[in-house]
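Q: Sequence and predicted structure below; questions after.
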Amino acid sequence: MSDQRPARVYNTRHQPRPYTPGRRRVSVYVAWSYPAEAGRNPAELDNRFSTMTEVRRVTWPAYEDPQWSDPMRFQQGIAGALELFFWAWVPFQDFVAETTGHPVAMYQRVDQAGVVTPLDERVLADTDTLFVFGLDHMVTGQDATPEEVQALREWVGRDGARLVLGPHHDVGAGDDLAVRDVEYHHHGDALVPRQQRFGRYTRSLMEALGVPVENRYGLRPAVAAPKRIAPLSIDRDLDTKGWLADVTSFNFHMHLPHYAVTTTDEQAVRVLGRQPVDLSRPHPFTEAGNTEFNMFLWLPPTGERAGDILMADSTIFSTLFGADDSLRNFWRNIVTL
């Protein structure tokens with residue numbers, strides 16, 4: 001049976017989307033160098049993605065269909081695991097396209113072909129909502145250039161601009177190997193090494209834009225049922241725009257970042273969603289007395305910045321980790337409000 005959706009295309013140039021009042025144009029910028037990630041040495045234990053073979057072994061038999069396991073059809077190295085991300089972003093892209101009437105532009109900082117796409121006017125000109133997925137391992141050295149920072153600063157100064165930053169987890173940041181082991185057993189994902197540090201590019205943007213937030217740890221959320229994440233603790237009084245209207249929870253992921261706020265100005269950064277953490281598994285974060293971590297943040301417009309800045313992990317927009325009505329309500333809010 002043929003697939004009735006439009007055929008998939010590759011190796012084409014983006015066609016600019018016209019401005020349409022009331023319909024936001026959404027772009028996703030994956031801040032990694034695909035070749036740098038795919039080319040990491042599988043003999044290295046830390047700071048790399050899993051190979052597809054490792055994914056199949058750990059999650060067996062989830063990926064034993066030929067679509068995933070046949071080396072003549074699907075890559076079995078790290079590149080194969082990276083492609084799983086793209087597969088799982090498609091439902092989000094389709095949902096946004098149906099909601100806004102515009103296709104979602106998906107950029108990579110350095111793509112499979114080695115083409116470098118900096119965050120510049122070519123990306124920003126026809127974008128109203130920009131997601132920056134911080135899935136670059138820090139060891140790959142992705143830093144925003146002064147030109148990119150200036151372009152983004154001007155863009156987020158526009159009325160209606162919306163920047164969603166999602167630096168992923170920072171597991172095993174310290175030098176103490178015993179603590180790294182505690183963190184590893186806390187999240188419980190055998191595919192995540194004792195040290196896996198993400199988000200250098202988004203961190204460089206946050207520093208340049210004055211976003212007083214830092215991604216820390218990889219924390220396992222509490223669950224309400226097997227693999228069903230516990231509801232968020234939502235501060236609806238602070239959520240004056242309604243980002244979390246009709247939202248109760250996101251999706252379950254075994255290692256989520258804590259977005260630590262590094263300022264005491266509660267109006268500058270509004271923590272709208274806190275996620276209960278699994279207290280049955282020791283971790284330095286919970287041993288310090290914390291029972292929830294910061295999951296969703298809003299930095300309202302201020303000064304010369306007319307646009308909103310939101311902070312939400314990229315896994316929230318991936319169906320690798322499930323999707324329900326609550327999550328889809330969140331997606332809708334982010335791209336329509």
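A: Nice, I can see it.

Q: Tell me which residues of the lengthiest helix in the chain come out buried.
A: Across the chain, the longest stretch assigned as helix under DSSP state H is helix 78-100. For helix 78-100, burial by neighbour count (16 or more other Cβ atoms under 10 Å) applies to 78-85, 88-89, 92-93, 95-96, 99-100. Every C-beta, even on glycine, is put in place using the N, C-alpha and C of the backbone.

Q: Repeat that for stretch 230-242.
A: Applying 16+ other Cβ under 10 Å to stretch 230-242 flags A230, P231, L232, I234, L238, D239 as buried.

Q: Just flag the most distant two among the residues you listed.
A: A230 and L238 (20.4 Å; Cβ to Cβ).

Q: so who does the residue nearest to V261 when sequence neighbours are not counted touch?
A: Among residues not flanking V261 along the chain, V269 sits closest, at 4.9 Å (Cβ to Cβ, 6 or more residues apart in numbering). V269 makes contact with V211, P212, V213, V261, T263, L297, W298, L299, according to Cβ atoms under 8 Å, 6 or more residues apart in numbering.

Q: E292 too?
A: Counting by Cβ under 8 Å, 6+ apart, E292 makes contact with S233, R274, Q275, P276, V277.

Q: All the strands of the stretch 51-200 of the chain, residue numbers only.
A: Secondary structure of the stretch 51-200 of the chain (DSSP state E, counting those that start in this stretch): strands at 105-110, 129-134, 162-167, 170-171, 196-197.

Q: Send me the second one as CSV with only the CA atoms.
A: Output in CSV follows, covering the C-alpha atoms of strand 129-134 (Å, rounded to 0.1, in the frame of the first residue of the first chain):
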residue,chain,number,x,y,z
THR,A,129,8.8,30.7,16.6
LEU,A,130,12.2,29.2,16.8
PHE,A,131,13.2,26.1,18.7
VAL,A,132,16.8,25.5,19.4
PHE,A,133,17.5,21.9,20.4
GLY,A,134,20.6,21.7,22.4
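
Q: Tell me the strands beside that strand, with direction?
A: Looking at strand 129-134 with DSSP bridges, its partner strands are strand 26-33 (parallel), strand 162-167 (parallel).

Q: Now it: average pLDDT?
A: Mean pLDDT, strand 129-134: 98.

Q: Same question for that strand: list its buried residues.
A: Here strand 129-134 shows T129, L130, F131, V132, F133, G134 as buried, counting by 16+ other Cβ under 10 Å.

Q: Kindly reformat those as a markdown table containing distance to M206.
A: Converted to a markdown table, the buried residues of strand 129-134 look like this (distance: Cβ to Cβ, whole Å):
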| residue | distance to M206 |
| --- | --- |
| T129 | 18 |
| L130 | 14 |
| F131 | 14 |
| V132 | 10 |
| F133 | 14 |
| G134 | 9 |
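
Q: Closest one to H14 out of these, please.
A: Out of those, the member with the shortest distance to H14 (by Cβ to Cβ) is L130, at 13.7 Å.

Q: Identify the residues contacting that closest one.
A: V26, S27, V28, Y29, V123, L124, W155, A161, R162, L163, V164.

Q: close enough to count as contact, the second one and T127?
A: Spelled out, it's S27. Yes - using Cβ atoms under 8 Å, S27 and T127 qualify as a contacting pair, with a distance of 4.2 Å.

Q: Overlap of the contact sets of those two?
A: A105.

Q: shaky segments in the stretch 201-337 of the chain?
A: Regions of the stretch 201-337 of the chain meeting the criterion pLDDT under 70 are absent.

Q: all strands of it, in order?
A: 213-219, 223-225, 228-229, 233-234, 256-261, 270-276, 292-299, 308-311.

Q: Need the contact partners of the fourth one.
A: Read that as strand 233-234. So strand 233-234 is in contact with L244, V247, T248, L272, G273, R274, Q275, P276, E292, going by Cβ under 8 Å, 6+ apart.
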